[in-house]
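Q: Sequence and predicted structure below; questions after.
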Amino acid sequence: AQSVTQLDSHVSVSEGTPVLLRCNYSSSYSPSLFWYVQHPNKGLQLLLKYTSAATLVKGINGFEAEFKKSETSFHLTKPSAHMSDAAEYFCVAGWGAQKLVFGQGTRLTINP
Amino acid sequence: GAVVSQHPSWVICKSGTSVKIECRSLDFQATTMFWYRQFPKQSLMLMATSNEGSKATYEQGVEKDKFLINHASLTLSTLTVTSAHPEDSSFYICSARANSANTGELFFGEGSRLTVL
């Protein structure tokens, strides 16, 4: 079965330090991949998406992600964390006409 | 980017009453919308896929008579929680896809917090 795994339920970093949120998918076929951010009591906002073009994808707010087929990964990174980055992050995958599959989410905490 | 509006943002109701939540795509037509339920500190759980002009497709374990979904137009889908009970209290989120391919990103509403007393 196709699935998405976010390896860390909670990540805590200091302001100004790099952020790494990990995401792996399980399937023989490469999916479309998305990262969304959710602030408390809000809907989800798209950060970036991969749809079989460039493997390094740049998104909003300084985030980027690299698709690595050999590792079936799509990790999200940011060089320098901001306090405003504190939120829940979801990795989402879609295969063909099937519905999207959500990861479990990673809560990012930024320490001053 | 495209905008999906969800209303109301917050609703409190008495047990036994019904509550309707609206999801509108404001600047694009959405033949398919999705309804999710999110429990505290958990991921989104897909409840149903709403198709314009036809019956919704419900996920396994979701009561279709409890959660009525109507997709009356290309820009509006509604979720009605019938005879609500405290266990129905949750955060409900809708989303819409901007194109028919699964490669199109989903645009999410701001969510609706339902509290059943």
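A: Perfect, I can see it now.
Q: so where's the chain shaky on pLDDT?
A: By default, I'm working from chain A. For chain A, the stretches with pLDDT under 70 are A:96-98.
Q: The intended chain is chain B.
A: B:1, B:98-104.
Q: in the chain, which spans are strands?
A: If you meant another chain, say so; for now it's chain A. According to DSSP state E, chain A carries its strands in the segments A:3-6, A:10-14, A:19-21, A:23-26, A:32-38, A:44-50, A:56-58, A:64-68, A:73-78, A:87-94, A:101-102, A:106-111.
Q: Wait, chain B was what I had in mind.
A: B:4-7, B:10-13, B:19-25, B:32-38, B:44-51, B:57-58, B:67-73, B:76-81, B:90-97, B:106-108, B:112-116.
Q: Partner strands of the fourth one, with direction?
A: Right, strand B:32-38. Strand B:32-38 has the following sheet partners, assigned by DSSP bridges: strand B:44-51 (antiparallel), strand B:90-97 (antiparallel).
Q: winner for burial among those?
A: strand B:90-97 (a mean of 24; mean count of other Cβ atoms under 10 Å in any protein chain shown). Heads up, the C-betas are built off the backbone N, CA and C, glycines and all.
Q: just how off-centre is that one within its chain?
A: Put simply, strand B:90-97 sits 5 Å off its chain's centre (Cα atoms, centre = their mean, to the nearest Å).
Q: coming back round to it: nearest to B:Ala96 among the strands of chain A would be which one?
A: Evaluated over these, closeness to B:Ala96 peaks at strand A:44-50, with 12.1 Å, by Cβ to Cβ.
Q: Contact residues of chain A facing chain B?
A: A:32, A:34, A:36, A:41-46, A:49, A:51, A:90, A:92, A:94-100, A:102-105, A:107 (Cβ under 8 Å from any Cβ of the partner chain).
Q: Give the buried subset of those residues as a PyMOL selection command.
A: The buried residues among those can be selected in PyMOL (16 or more other Cβ atoms under 10 Å in any protein chain shown) with this line:
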select buried, chain A and resi 32+34+36+42+43+44+45+46+49+51+90+92+94+95+100+102+103+105+107
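Q: Make sure A:Ala87 is actually in contact with A:Gly43.
A: No. Using Cβ atoms under 8 Å, A:Ala87 is not in contact with A:Gly43, being 11.9 Å away.
Q: State the number of residues packed around A:Val11.
A: 18 (other Cβ atoms under 10 Å in any protein chain shown).
Q: Which residue, other than its chain neighbours, is closest to it?
A: Leaving aside its chain neighbours, A:Val11 sits nearest to A:Leu108 (5.3 Å; criterion: Cβ to Cβ, 6 or more residues apart in numbering or on different chains).
Q: same question, A:Leu7
A: A:Arg22 (4.1 Å).
Q: That neighbour is in contact with A:Val4, isn't it?
A: No. Using Cβ under 8 Å, A:Arg22 is not in contact with A:Val4, being 11.1 Å away.
Q: circling back: hang on, the residue nearest to A:Val11 packs against A:Met83?
A: No. Applying Cβ under 8 Å, one finds A:Leu108 not in contact with A:Met83, separated by 10.9 Å.
Q: So for A:Arg22 and A:Val4, which sits in the more crowded spot?
A: Shown here are A:Arg22 and A:Val4; by other Cβ under 10 Å, A:Val4 has more neighbours (22 against 17).
Q: if I pick that one, what's in contact with it?
A: A:Cys23, A:Asn24, A:Tyr25, A:Ser26, A:Cys91, A:Val92, A:Ala93, A:Val101, A:Phe102, A:Gly103 (Cβ atoms under 8 Å, 6 or more residues apart in numbering or on different chains).
Q: Kindly recompute the last result at 10 Å.
A: Residues in contact with A:Val4 (Cβ atoms under 10 Å, 6 or more residues apart in numbering or on different chains) are A:23-27, A:31, A:33, A:74, A:90-93, A:100-104, B:43.
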